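> Kindly return the folded structure for what I paste below:
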Amino acid sequence: MADAGVASRRECEALILAGEVSVNGHLVNTLPAWVDFQSDDIRVGGTRLKPVEQHVYIVLFKPRGVVCTNSDPEGRPRAIDLIKHPLNTRLYCVGRLDLDSSGLLFLTNDGELANRLTHPRYEVHKGYEVVLGGSIDAADLRSLEEGIFLPDRDGEGSRTSRSELRLLKRDREKTTIYMELREGRNRQIRRMMQRVGHPVKKLRRVKFGPIQLKGLAVGEWRELMSAELRTLRRAAGLLPSRPGHAPKNQARTGARATRQEANLIAPKSGMKSAIKSATRNLGAGIDFDSGAHILSTAKARANPKDAAPTKATPRSSPKPASKAPVHRERGRETTRGESRGTTRAAPRSAPRGKPTGKSSGKSRGNARGSR
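Numbering: from 1, shown residues only. Reported below is the predicted structural model:
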């Protein structure tokens with residue numbers, strides 16, 4: 001009935017309980033009641049309901065001074081008046097914003113989705129940028145995040161659920177915060193801030209579930225794209241989550257942790273460089289154990305009992321097998337035991353010129369003594 005544009009969901013329930021609804025000629029005055037809208041004859045007050053129209057999903061940047069109701073006795077501007085859709089479909093606001101608030105607003109004729117997006121049980125979060133009067137301290141921020149007791153209209157009241165709160169900017173005159181709620185009480189943020197002594201100067205909704213307020217000027221609207229609608233329905237529980245799908249930030253975190261673990265267990269030798277090079281391609285299936293061994297990749301995973309761990313081979317070139325000292329000559333290298341030829345290379349510390357003695361055949365010591 002609500003999808004057909006009869007009234008709001010609560011007003012439709014009141015009509016059913018009042019005996020104004022009949023299905024296939026039988027009076028229905030109890031709840032819940034299930035019908036097939038395409039095949040059943042549903043009448044409200046004797047008038048048969050028309051088939052459900054095509055679902056429309058609209059994102060609006062609601063300006064301040066606009067109300068989120070379809071019937072306003074005071075004649076103020078309404079959010080639905082800003083939507084000029086070619087189908088001329090009757091739309092309803094999802095998650096209302098008060099007169100002095102602005103930001104992201106959903107409008108749709110899909111009653112099931114609207115109910116799930118606003119019901120606290122499904123915990124579809126909504127994000128707000130809030131400008132407060134004065135400089136708020138850390139104690140008030142913690143109390144706002146943990147929850148504050150708010151009285152109801154009947155005087156009983158309850159504590160608000162825990163919310164995510166982030167400080168954006170603060171000075172003597174005002175404080176800007178980002179606040180994320182998973183429930184939608186009447187004027188909840190304004191009442192919470194009033195309780196801690198910091199009245200709201202400006203409030204704007206910037207996020208509703210996975211949808212963010214981007215690419216729209218104040219008063220502009222657009223239809224949801226198919227990918228956005230899928231993510232929104234998945235957040236509301238109308239679509240199952242994708243199996244085996246991990247968020248990108250979670251995958252990066254796991255890769256970073258594996259690299260850190262590999263660096264911790266690797267010694268300061270060439271093995272560390274080998275393990276570090278192996279972690280560059282984590283998708284290749286290389287695993288690490290506590291003994292700093294690199295196990296076999298696909299073979300080890302297929303037959304873990306047969307695959308024996310092998311030590312990592314350093315990247316650097318292996319040292320010579322022989323420990324014999326190497327003697328360097330100009331243009332060639334020789335080891336002890338090889339023929340060195342008739343001429344022996346002079347030490348690096350020796351001067352290149354001729355020794356200053358009486359004859360060139362004298363030893364270096366005699367030459368020095370003659371000086």
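> Let me know how buried the spatially closest residue to F106 that is not a sequence neighbour is, in neighbour terms.
Excluding the flanking residues, the one nearest F106 by CB to CB, 6 or more residues apart in numbering is V94, at 3.9 Å. From N, CA and C alone the C-beta is placed, and that goes for glycine too. The number of residues packed near V94 is 21, by other CB atoms under 10 Å.
> Roughly how far does V94 sit from G219?
With the distance defined as CB to CB, to the nearest Å, V94 ends up 18 Å from G219.
> Which pLDDT value belongs to M179?
pLDDT for M179: 95.
> quick one: it from R205, how far?
In terms of CB to CB, M179 sits 10 Å off from R205.
> Now the common contact residues for the two.
Residues touching both M179 and R205 by CB atoms under 8 Å, 6 or more residues apart in numbering: G127, Y128.
> so who does E183 touch?
Counting by CB under 8 Å, 6+ apart, E183 touches P120, T160, S161.
> Dump those residues to a markdown table, plus distance to Q38 and pLDDT.
Below are these laid out as a markdown table (distance: CB to CB, whole Å; pLDDT from 0 to 100):
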| residue | distance to Q38 | pLDDT |
| --- | --- | --- |
| P120 | 32 | 81 |
| T160 | 42 | 89 |
| S161 | 39 | 87 |
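> want to throw the residues you listed into CSV with distance to V131 and neighbour count?
Below are the contacts of E183 laid out as CSV (distance: CB to CB, whole Å; neighbours: other CB atoms under 10 Å):
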residue, distance to V131, neighbour count
P120, 26, 12
T160, 20, 21
S161, 23, 13
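> Out of the residues you listed, flag the one nearest to L150.
Comparing the contacts of E183 against L150 with CB to CB places T160 closest, at 6.0 Å.
> For the closest one, which non-adjacent residue is spatially closest?
Nearest non-adjacent residue to T160, counting by CB to CB, 6+ apart: G147, 4.5 Å away.
> Give me the pLDDT for that neighbour.
pLDDT, read off for G147, is 89.
> Now for it: which residues touch it?
By CB under 8 Å, 6+ apart, the residues touching G147 are R159, T160, S161, R162, S163.
> how far away is the third one from E53?
For S161, the distance to E53 (CB to CB) stands at 35 Å.
> swap in the fourth one?
Distance check for R162 against E53: by CB to CB, it reads 39 Å.
> For P247, give me the pLDDT.
44.
> about what we covered before: same list, the contacts of G147, but as TSV with secondary structure and distance to D140 please.
Below are the contacts of G147 laid out as TSV (DSSP: H, G, I helix; E, B strand; the rest coil; distance: CB to CB, whole Å):
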residue	secondary structure	distance to D140
R159	strand	16
T160	coil	14
S161	coil	18
R162	coil	15
S163	coil	13
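> Going by distance to S135, which of those wins?
S163 (20.5 Å).
> count of neighbours near that closest one?
Residues contacting S163 under the criterion other CB under 10 Å number 22.
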